[in-house]
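*Asks:* Mind looking at a prediction? Sequence and model below.
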Amino acid sequence: MSEAFSRLSPAVQYQIVNGLGFQSLRPVQELTIGPVLDGKNCVVLAPTAGGKTEAAFFPLLSRMDEEDWKAVSVIYVAPIRALLNNQEERVSSFAKLIGRRAAVWHGDTTQSERRAFIQEPADILLTTPESLEVMLMSRKVPARRLFQNLRAVVIDEIHAFVADDRGGHLSALMERLSRFCGKDIQRIGLSATVGNPEEILAWVAGSSQRKGALVRASGLPRDPQLMLDFVGNRENAARIIAALHPGKKRLVFVDSRRGVEAVGTALRGLGVDTHVTHSSLSVAERRRAEEAFAQGKNCVIVATSALELGIDIGDLDHVIQVGCPSTVASFLQRMGRSGRRPGTHPNCTFLATDEESLVQSAALLRLYKSGFVEPVRPRRFAAHLLAHQVMALCIQEEGIPESDWWGWVSQATPFSGLTPDDRQELLEHMLAADILFRDGGRLGLGRTGEKLYGARNFTELYAVFSSPSVLRVLWGQEEVGTIDAYFAEQETPEKLVFTLGARSWRATAVEWNRGVVYVQPAEHGAPARWQGMGTVLHREMCLSIRDVLMSREEDPWWSRRARERLQQERDGHAFLDEAPIPLETEPGGMRLWTFGGLKANLLLGRVLESILGERVTANNLSLGLKGRAGESEVAVREALARLRQEGRPTREDAIALGAAPRGMRLSKFEPCLPPRLEAIFTASVLTDAPSAKAILTS
């Protein structure tokens, strides 16, 4: 073994060699030992299945052993319960090597399991941000006692947290945990892919004064086996999947639950041993599918993005993508599930079901070959999350001193852009709205706050996201999963027939007051529908799409059908050569081809509406100009020239014009925000001023 290995405690060294049977450590595990033993905050980057979990835990267990850490000394946080369940046995096996224990706590953990943990805490706690919030807020959980010995937090799949509200929530929780234990907690983030690791390291550090380290292992081999084919629809995709690689294990990604159901049902209809998994299936259903696939040989599992997050489904032979993921990072995670065995290569076959996904797939693969991975930008002006934290602290402390609440979370990254005036404005608004009340220098939850967030013992404050309105699907006593309540409302119970888990069901009764739909197996059923946001593409992806359409080069991974259809798309977009920002006439108006990405186009569209009049619509690639906005090409060109000269759109434009569509709520904590802070929050979520300006200047 190496010099780094020799730094581990004798007990951990012995167990790695004799208990686990390791003859050597992987590169990422060698590289991580020193920084973790030296107490540094780390971001560890390695391919999927590259050994990141061991890389973090071997040196942490060594410190736990030599420094005699007491429970709970390490918290492991993951973005989804399935990953926690998957890692529980693995992390527990590592802990047992030195006589320590690990336990999991999330929404599916039973009350008896929670009571057992409280009575005898484990050394390592595996959990989610939401369950951590439960533990900090609940009067039944002695959080101060539980976390007084905390030394380190490990955040798996850290890229899945950083850019959204759950990451902001987690950042604040780490600051609160630091105060509970009175220590500078060591923080370790794990990821397969991230484009801006230095920024992620700063995000994870927060208030920590420890030195930081980036640990990088070599990425995927540069010769993965790639194929892009055009198949036209999901039914054809299923036929090709059935014919591809018979006798092998195939993992198929589809980027919607409805698509997973459609492809899974079609494959079963073709006699293929098929399993499906997505977030609307019950835990039992997902586990059955994943276990059956892991144990099978000639079979297919069809999944949404959940299976890209490191969940172990055993060795597989081929990855197939129906449609296209929205980021290179997601593609790398998915392709990384293959090529793990010696002598095999990472691989991915793209099956484009329409022209849009064909061009996007070609663009994504070009970005990948160039070495590009999207940066993950943390939020820094999250007043809505600060409102959430104030209320959570009021419950946690049973009333928080007004002079003290900011001290709990002041170093959390999502609040770093807020000024003292911003914070005071937020607090005074919440007090005026009776969301909070002030009594003797202490803050508590007011009547309006109780009404908005106090139901079911403050469960609305456990999570920063709003749970969708769903119905549980029951077949006898067995829960199959959930369907969107809105989908169910569109049909009478006797006509409600759908697929779930790639099986067809007919509703026999709906109990709306209990949120349950009872079903029986049916012969045929259309895929259930779930509401969701449209795909938001990065500007770099959109520019790559433009390059594919304007280029005459063909890539070696294109099939004959892909080449032919891409040439048709190029012929249909020949007008793109005519101007830096082409303006195409179409029925009822014009289309401005910006290739700026949805957030940039939304802002540019609002600004153009303010100059030209209504109406401008936006998608990822272009702006549709209708009505007064689309009457004159000269007026459009003059407006663009004026904006370019004035250096717009600006952040001020985004704040003034970036309001959400009527009836759309971006956060359940928006009622806590005064108008100015709400406008800033909305602009930060829906718009991208730098990219909008770049459309006009690049």
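*Replies:* That came through fine.
*Asks:* all strands for the stretch 251-400 of the chain, in order.
*Replies:* Ranges of strands in the stretch 251-400 of the chain, per DSSP state E, counting those that start in this stretch, are 274-277, 299-303, 318-322, 347-352, 400-401.
*Asks:* need the ones you listed in JSON lines with mean neighbour count, can you?
*Replies:* Heads up, the C-betas are built off the backbone N, CA and C, glycines and all. As requested, these are exported to JSON lines (neighbours: other C-beta atoms under 10 Å):
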{"stretch": "strand 274-277", "mean neighbour count": "26"}
{"stretch": "strand 299-303", "mean neighbour count": "26"}
{"stretch": "strand 318-322", "mean neighbour count": "24"}
{"stretch": "strand 347-352", "mean neighbour count": "26"}
{"stretch": "strand 400-401", "mean neighbour count": "18"}
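*Asks:* and the ones you listed as a markdown table, adding distance to residue 167 and mean pLDDT?
*Replies:* Formatted as a markdown table, the strands of the stretch 251-400 of the chain follow (distance: least, C-beta to C-beta, whole Å; pLDDT from 0 to 100):
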| stretch | distance to residue 167 | mean pLDDT |
| --- | --- | --- |
| strand 274-277 | 24 | 90 |
| strand 299-303 | 23 | 91 |
| strand 318-322 | 26 | 95 |
| strand 347-352 | 27 | 96 |
| strand 400-401 | 23 | 96 |
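*Asks:* Switch these over to JSON lines; also include distance to residue 410.
*Replies:* Shown next, in JSON lines, are these (distance: least, C-beta to C-beta, whole Å):
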{"stretch": "strand 274-277", "distance to residue 410": "41"}
{"stretch": "strand 299-303", "distance to residue 410": "40"}
{"stretch": "strand 318-322", "distance to residue 410": "43"}
{"stretch": "strand 347-352", "distance to residue 410": "44"}
{"stretch": "strand 400-401", "distance to residue 410": "13"}
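*Asks:* Next one, pLDDT for residue 523 please.
*Replies:* If you check residue 523, the pLDDT there is 78.
*Asks:* Quick check: phi and psi at it.
*Replies:* Dihedral pair for residue 523: phi -80, psi -40, per degrees, to the nearest 10.
*Asks:* which stretches of the stretch 401-550 of the chain form strands?
*Replies:* Counting by DSSP E, counting those that start in this stretch, the strands of the stretch 401-550 of the chain are 436-439, 442-445, 470-475, 478-484, 497-500, 503-511, 516-521, 526-527.
*Asks:* Just the endpoints, please. Distance across stretch 3-16?
*Replies:* 15 Å (C-alpha to C-alpha, to the nearest Å).
*Asks:* List the residues that contact residue 245.
*Replies:* By C-beta atoms under 8 Å, 6 or more residues apart in numbering, residue 245 lies in contact with 317, 318.
*Asks:* Apologies, that question was intended for residue 428.
*Replies:* Residue 428 neighbours (C-beta under 8 Å, 6+ apart): residue 674.
*Asks:* again, but for residue 21
*Replies:* For residue 21, no residue meets the contact criterion (C-beta under 8 Å, 6+ apart).
*Asks:* residue ranges for the helices of the stretch 151-300 of the chain, please.
*Replies:* Counting by DSSP state H, counting those that start in this stretch, the stretch 151-300 of the chain has helices at residues 159-162, 165-181, 197-205, 234-243, 257-269, 283-295.
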